[in-house]
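> Give the three-dimensional model of this entry:
(2 chains)
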2 protein chains.
Amino acid sequence: MKFTTNKTTLAYAIGTVQKIVSPRSPLPILSGILFEAHGNQLTVTGSDTELTIQCTVDVETEREGSVVLPIRYIADLVRYLPDVPIQFHTLPESTSTTITYGVSQVNIHGFGSEQYPRLPAVERGTSFSLAQDALKEMLRQVLFAVSNDETRPIFTGVLLQVEERQFRLVATDTYRLAVRRFQLENHPEQNINVIIPGKTLNEVARLIGGSGEDITIVCGENHAFFLTGTLKIASRLIAGQYPPYEQVIPREFVTRTQLATREILEATERASLLVREGNPVVQFSLQENSCVVSVQTQAGWIREEVSGTVEGEPLEIWFNARYMGESLRALGSEDLTLELTGPLSAAVLRPSGEENYLSLLLPARPPKE
Amino acid sequence: MKFTTNKTTLAYAIGTVQKIVSPRSPLPILSGILFEAHGNQLTVTGSDTELTIQCTVDVETEREGSVVLPIRYIADLVRYLPDVPIQFHTLPESTSTTITYGVSQVNIHGFGSEQYPRLPAVERGTSFSLAQDALKEMLRQVLFAVSNDETRPIFTGVLLQVEERQFRLVATDTYRLAVRRFQLENHPEQNINVIIPGKTLNEVARLIGGSGEDITIVCGENHAFFLTGTLKIASRLIAGQYPPYEQVIPREFVTRTQLATREILEATERASLLVREGNPVVQFSLQENSCVVSVQTQAGWIREEVSGTVEGEPLEIWFNARYMGESLRALGSEDLTLELTGPLSAAVLRPSGEENYLSLLLPARPPKE
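Below is the predicted model:
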């Protein structure tokens, strides 16, 4: 293998796949990155077995070939290379690769590429496309609600459903729930109902957007694929049945308020500063024309007043301030609607005037006196 | 105490003193910041007993007074406050302080200021002044060589000497040594010879500069003071005799090279990337018209060639790449002179054509084959 490129191209390709490659992978070959030069393209692949990311960039190829180079050395090295033409050269029958930049050289021992696990083939699956920026925003609005608890794998994933032209993402860790809907321009051949690991979607959200281009999602039996012009992301699916979430969304409310998102978010953040130990539980008191956010602790007290319109009964309710902050930040709108059915029932948050997104948040127990 | 100010002023004053205040100080009162309103000025003080920092800013005072507020709450709170007038109000005979911003309020329990240790008075001492930017650059050039090893306290400090108009800073951890000289415009009444904790000088370097103003240094029996228009920094001195450092600086050399600082620094950094375990020991080989930086490990090898002029004998020597990197970054010049007297003797680094700064670096043992 022999090709010439530059630092920016290399750094982009390696930076794209690097995050999922662990230098301490139990499978030594996966502690490396696969470099494949074919035609005038370099394809760089990183994998943790469950998730594989591939990035293809243009280079000048002198001899086709492939090699796996250890992430431990190659990632930092590229960051420190000077801005001159950079040549990669692996002799046939060898895995030792010489990188030449100006009059200097570095040589790194690699692994043979034949040991590198193949990317699962894009299976016969159902596919649909949408704008990268639209998907990125949808992901941002649900990923905060994904659980980290590996003992309940279903909740570490996001439910992805397509029914006719309606595309839906749902995430919950059982304390909060986020539901985002989106109307596709064309419906896929079949309906889709899969659970995709949150980790995969965090990577997708990190890597896409800003280009105005579409992304194609292909869902097969065991894998999902995310495809753009330069990227191919393959992920296993999470097996199992996502719980029926629709029935936990309250249909009625006793109190409803409209507030400026930023004001209530800042009030919540400040109030939580006084609750440094354990769960940062903060009181929200809906009164005639305002929401009062307050906390009383041994260190002192805080009382934040955020004006807004309140319909229905006055109500006092407690929330975990960190959860509330994440829910508020996910809204992405200037104003929000908060609907409550009682001090012990889940609250519903929506961007004001937006029907395609809502999130649910369970109240917290008041702190002991 | 009752005064009104704004977020920027508060954040500046608290940010200035905050770094040395520990929320877990063994002396509870020192886990707080002292607020003192006198005239239309607020003085904010933080201390760790060895080092005290005081910052004075203009505010609108309605009633003079003072209180100590816990850093644990006040520092973050100020960062999160909105950009509106902010009023601090402590009732007489109370330490409970109410901070009002718009229609919201927070109340924090403080400590009585009478328990707060007094700043040592600026003693009858010897004083001199220089431009803040000049001192900041001098400090940057020596502080990297200060030791962290508390078992040998002298080396955790910087020797500060003034003889007539010559001001000198010296630091060493016994592996490297940095000496910076500066010609003062006026000489102090007496010569000065004190050892100031590196921690103090790191704070001084962080807080000064950019203003074009002078800083005054006052050295007394047990304390040194650093004074500017808004800042008063008081530090204990380190007792003891600084070792005679002049005699370890080689007067002659067998090999001398001139190199571009950035090129040799980048070559050193890249070479060290292949030596991830233990001491990153890198070979420097001075040849006819170049310095070759190289490493050979089980992971591969690197060979970096930096062109330069070399006088004297060819020579191979090993250095700790991290130490070499810090020494190179401290030079602050485009080109450097590196003087060597043998593979086992200290190297001398100077900015090319600069007589007022040098640093010494001991060679490292070559790695075992």
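
> can you count the residues close to the residue of the stretch 151-300 of chain A found nearest chain B?
Closest approach between the stretch 151-300 of chain A and chain B, counting by C-beta to the nearest C-beta: residue A:300, at 4.1 Å. No exception for glycine: its C-beta is placed from N, CA and C like everyone else's. As a burial measure, residue A:300 scores 21 neighbours (other C-beta atoms under 10 Å in any protein chain shown).

> what about the closest residue to it other than its chain neighbours, how many residues close to it?
Nearest non-adjacent residue to residue A:300, counting by C-beta to C-beta, 6 or more residues apart in numbering or on different chains: residue B:108, 4.1 Å away. Each residue near residue B:108 was counted by other C-beta under 10 Å, and the total is 24.

> Could you list the residues of the stretch 1-150 of chain A in contact with chain B?
A:70, A:72-73, A:76-77, A:80-82, A:96, A:103-109 (C-beta under 8 Å from any C-beta of the partner chain).

> try 7 Å this time
A:72-73, A:76-77, A:80, A:82, A:103-109 (C-beta under 7 Å from any C-beta of the partner chain).

> okay, these in a markdown table with secondary structure and pLDDT next?
Putting the residues of the stretch 1-150 of chain A next to chain B into a markdown table (DSSP: H, G, I helix; E, B strand; the rest coil; pLDDT from 0 to 100) gives the following:
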| residue | secondary structure | pLDDT |
| --- | --- | --- |
| A:72 | helix | 94 |
| A:73 | helix | 95 |
| A:76 | helix | 94 |
| A:77 | helix | 95 |
| A:80 | helix | 95 |
| A:82 | coil | 95 |
| A:103 | coil | 94 |
| A:104 | strand | 97 |
| A:105 | strand | 97 |
| A:106 | strand | 98 |
| A:107 | strand | 97 |
| A:108 | strand | 97 |
| A:109 | strand | 96 |
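
> Could you tell me which of these count as buried?
With burial judged by 16 or more other C-beta atoms under 10 Å in any protein chain shown, the buried subset of the residues of the stretch 1-150 of chain A next to chain B is A:72-73, A:76-77, A:104-109.

> Phi, psi for the residue of the stretch 151-300 of chain A closest to chain B please.
Main-chain dihedrals, residue A:300, degrees, to the nearest 10: phi 150, psi -160.

> who are the neighbours in contact with the residue nearest to residue A:300?
Residue B:108 sits next to A:299-300, B:69-70, B:73-74, B:97 when contact means C-beta atoms under 7 Å, 6 or more residues apart in numbering or on different chains.

> do that again at 8 Å, thanks
With contacts defined as C-beta atoms under 8 Å, 6 or more residues apart in numbering or on different chains, residue B:108 is in contact with A:299-300, B:69-70, B:73-74, B:77, B:96-97, B:99.

> Tell me what it is bridged to.
residue A:300, residue B:97 (DSSP bridges).

> roughly how far apart are it and residue B:76?
Residue B:108 is 12 Å from residue B:76, where distance means C-beta to C-beta, to the nearest Å.

> Kindly report the same for residue A:220.
48 Å.

> which ones are touching residue A:51?
A:20, A:197, A:199-200, A:203, A:233-236.

> and with 6 Å instead?
A:20, A:200, A:235 (C-beta atoms under 6 Å, 6 or more residues apart in numbering or on different chains).

> Am I right that residue A:128 sits in a strand?
Yes: according to DSSP: H, G, I helix; E, B strand; the rest coil, residue A:128 belongs to a strand.

> can I get the CA coordinates of whichever helix or strand residue A:322 is part of in PDB?
Per DSSP states H and E: residue A:322 is located in helix A:321-331. Extracted in PDB, the C-alpha atoms of helix A:321-331 (Å, rounded to 0.1, in the frame of the first residue of the first chain):
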ATOM      1  CA  ALA A 321     -33.000  19.800  38.800                       C
ATOM      2  CA  ARG A 322     -30.500  18.000  36.600                       C
ATOM      3  CA  TYR A 323     -33.200  16.000  34.800                       C
ATOM      4  CA  MET A 324     -35.300  19.200  34.500                       C
ATOM      5  CA  GLY A 325     -32.300  21.100  33.000                       C
ATOM      6  CA  GLU A 326     -31.700  18.300  30.400                       C
ATOM      7  CA  SER A 327     -35.400  18.300  29.500                       C
ATOM      8  CA  LEU A 328     -35.500  22.100  29.100                       C
ATOM      9  CA  ARG A 329     -32.300  22.200  27.000                       C
ATOM     10  CA  ALA A 330     -33.700  19.500  24.700                       C
ATOM     11  CA  LEU A 331     -36.800  21.600  23.800                       C
END
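
> and the next element down the chain from that helix?
As the chain continues past helix A:321-331, the following element, by DSSP H and E, is strand A:335-340.

> Now tell me what touches stretch A:125-144 from outside.
Contacts of stretch A:125-144 with the rest of the structure, by C-beta under 6 Å, 6+ apart, involve A:158, A:169, A:171, A:178, A:180, A:182, A:184, A:188-190, A:192, A:201, A:205, A:208-209, A:213-220, A:326, A:330, A:357.

> coming back round to it: can you name the residues in contact with the helix holding residue A:322?
With contacts defined as C-beta under 6 Å, 6+ apart, helix A:321-331 is touched by A:141, A:144, A:176, A:261, A:265, A:268, A:272, A:280, A:282, A:349, A:351, A:359, A:361.

> out of these, which are inside helices?
Among these, the subset assigned to helices under DSSP state H consists of A:141, A:261, A:265, A:268, A:272.

> Skipping adjacent residues, who's closest to the third one in space?
Spatially, and ignoring its direct neighbours in sequence, residue A:265 is nearest to residue A:328 (4.4 Å; C-beta to C-beta, 6+ apart).

> Repeat that for residue A:10.
Leaving out its chain neighbours, the residue that sits closest to residue A:10 by C-beta to C-beta, 6+ apart is residue A:78, at 4.9 Å.
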